[in-house]
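Student: need the 3D shape of this:
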Amino acid sequence: MKIANECTGFDRQNGWSPVGHTLQGIDHSANHRDRCALLLDFIHGIADYDKQLHEVVATEENVRELLFGKESVNEALIAECNGEAVAFAVCFHNFSTFMGRRGLYLEDLFVKPEFRRQGIGKKLLVYLTKIAVNRGCSCL
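Tutor: From the prediction side, this is the model:
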């Protein structure tokens, strides 16, 4: 399976890009805001992978508030293939005191087990790198 041919969210200039990229200051669409159950499923997936599922206390409500609320500083990216959400990443800006510039901190990146080893995680990282460069971040 060639992900670039089967994933949605193409960008002519940059190639493949994840669907549902949420930018600060841009309207968070009702579709993405209503996908908090999906984001929580991904959170459970990464916690299970890390053998820390018993430590998850996140709820749909606080995921919705922290990712899409008025004061949100967090961002979520969701990658889809053939209409199915297969991966996610959560990031936020930090600050480098030495550089005097902000960076983009990747908190989590998770690809469903059945979609691993197909380059999806790498494509999310490349996409995040482009975001960081476009925003003038000193690091990712």
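Student: so where is this protein shaky, pLDDT-wise?
Tutor: Where the chain drops to pLDDT under 70, the residues are 1-33.
Student: where is the longest strand in the protein?
Tutor: strand 84-96 (DSSP state E).
Student: buried set for the next helix or strand after that one?
Tutor: Per DSSP states H and E, the first helix or strand lying C-terminal to strand 84-96 is strand 101-111. Within strand 101-111, the residues that count as buried by 16 or more other CB atoms under 10 Å are 102-106, 109-111. For the C-beta atoms, the positions are set from N, CA and C on the backbone; glycine is no exception.
Student: farthest pair within these?
Tutor: With distances taken as CB to CB, the most widely separated pair in those is Arg102 and Val111, at 26.6 Å.
Student: may I ask you to confirm that Leu58 is in contact with Phe42?
Tutor: In this structure residue 58 is Ala, not Leu. No - using CB atoms under 8 Å, Ala58 is not in contact with Phe42; the gap is 10.6 Å.
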